[in-house]
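# Turn this into a structure:
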Amino acid sequence: MAILKYRDNEGFKSLYTDAIKNRLRKDLNLADLENVQEARQNLELTGDNNHTHYHDDRYLPKIETEANERKAADNEIKNLLNNKVTEITNATNNNINNLKQTLDDKIDDAIAQEIVDRNNAILKETNERKQEDAKLQNAINGLTSSLNQEITDRTNADNALRNNLNQEISDRKDADKIAENDRNSIRDALNKEITDRKNADTAATNDRNNIKESLTDAIQKEIADRTNADTNLQTQITENKKQTEQIIEQKVNTALNSQHVNGSTHSTFSLAGGSLFSEKSGAISETVNKGIAAGTYSLNDLLNKLVSISHSHSPKNCFCNCNCACNSSH
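Modelled structure (predicted):
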């Protein structure tokens with residue numbers, strides 16, 4: 001059986017391969033009918049004539065007929081497409097030819113107009129150039145006249161400058177002679193100045209040497225005097241320091257060994273009301289600690305006495321049951 005094929009990038013392919021395979025599938029035959037048995041009898045697919053589903057000879061004429069019909073339809077489509085392509089191609093060619101002719105006509109017209117415009121522009125520019133050339137020629141003539149006058153003026157100026165230069169050269173020669181005489185005088189004066197300066201330098205060198213020796217002796221004497229003065233001053237400072245230390249030591253010893261103090265003066269105490277006796281409390285006696293007597297003491301003795309009397313005792317004499325303070329000490 002002939003199969004219509006086509007070619008793509010992957011090679012030749014059959015146009016109806018999948019459709020034919022699907023039609024020959026046994027599981028799809030008569031699958032959309034409700035009464036499959038009746039359909040099989042109508043198709044004479046029962047009894048001895050039903051060899052197999054894939055090899056029944058009665059399918060082939062139908063498939064070939066459908067294939068021929070499809071080929072005819074395809075050919076018709078191809079012819080139609082070819083006709084359409086030819087028609088479109090002819091129409092496109094006609095349009096292109098018409099457009100080309102139109103463009104050619106327009107281009108020819110534009111070229112002709114451009115030629116006319118350019119000729120007019122060239123003619124106009126030619127006239128303008130002629131006018132400008134005439135102006136330029138007039139300017140050149142004027143410039144030539146000016147240059148000729150400038151050449152004449154420069155020639156006269158060069159001649160005058162040459163005369164002035166000659167006079168200048170003559171004057172400079174005379175001045176050079178005078179300058180040479182002056183240079184000789186100056187040279188003699190410089191030589192005398194050099195001799196005088198050398199003599200003065202020699203005298204100054206001798207004076208500097210004498211002054212240097214005098215200054216050296218004076219400096220050595222000044223150093224010796226200053227050294228002796230520093231020694232004497234240091235000796236005086238040492239002596240004064242010793243004397244000062246002795247005086248301070250004497251003052252301190254005097255202050256430590258000779259301290260004059262006055263005796264302690266305290267008044268006796270008295271009870272409120274002025275009476276030292278009470279019926280309930282009985283008699284209250286007074287005990288007086290007189291402290292350090294007046295006199296002159298060393299600082300060490302004075303401190304010892306103060307420490308000794310810093311602790312004292314006084315009697316307590318109270319016979320009442322009150323909560324008052326009944327003892328007194330000084």
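# three-state assignment of Phe12?
Following DSSP: H, G, I helix; E, B strand; the rest coil, we place Phe12 in the strand state.
# Would you map the helices across the chain?
17-23, 36-42, 59-257, 299-308 (DSSP state H).
# Including distance to Asn9 and mean pLDDT, could those helices go into JSON lines?
The way it works is simple: take the backbone N, C-alpha and C, and place the C-beta from them, glycine included. Output for the helices of the chain, formatted as JSON lines (distance: least, Cβ to Cβ, whole Å; pLDDT from 0 to 100):
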{"stretch": "helix 17-23", "distance to Asn9": "18", "mean pLDDT": "64"}
{"stretch": "helix 36-42", "distance to Asn9": "43", "mean pLDDT": "73"}
{"stretch": "helix 59-257", "distance to Asn9": "21", "mean pLDDT": "86"}
{"stretch": "helix 299-308", "distance to Asn9": "133", "mean pLDDT": "76"}
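# could you dump those to CSV with distance to Gly11?
Below are these laid out as CSV (distance: least, Cβ to Cβ, whole Å):
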stretch, distance to Gly11
helix 17-23, 13
helix 36-42, 40
helix 59-257, 20
helix 299-308, 137
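# Those into CSV, with extra columns for distance to Ala293 and mean neighbour count?
Converted to CSV, the helices of the chain look like this (distance: least, Cβ to Cβ, whole Å; neighbours: other Cβ atoms under 10 Å):
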stretch, distance to Ala293, mean neighbour count
helix 17-23, 153, 12
helix 36-42, 161, 12
helix 59-257, 18, 10
helix 299-308, 9, 12
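# tell me the pLDDT at Asn289?
According to the prediction, Asn289 has pLDDT 63.
# could you measure Gln131 against Ala224, distance?
115 Å (Cβ to Cβ, to the nearest Å).
# likewise Asn164?
In terms of Cβ to Cβ, Asn164 sits 82 Å off from Ala224.
# Likewise for Glu114?
123 Å.
# Relative to Glu10, which of the helices of the chain is closest?
helix 17-23 (13.8 Å; Cβ to Cβ).
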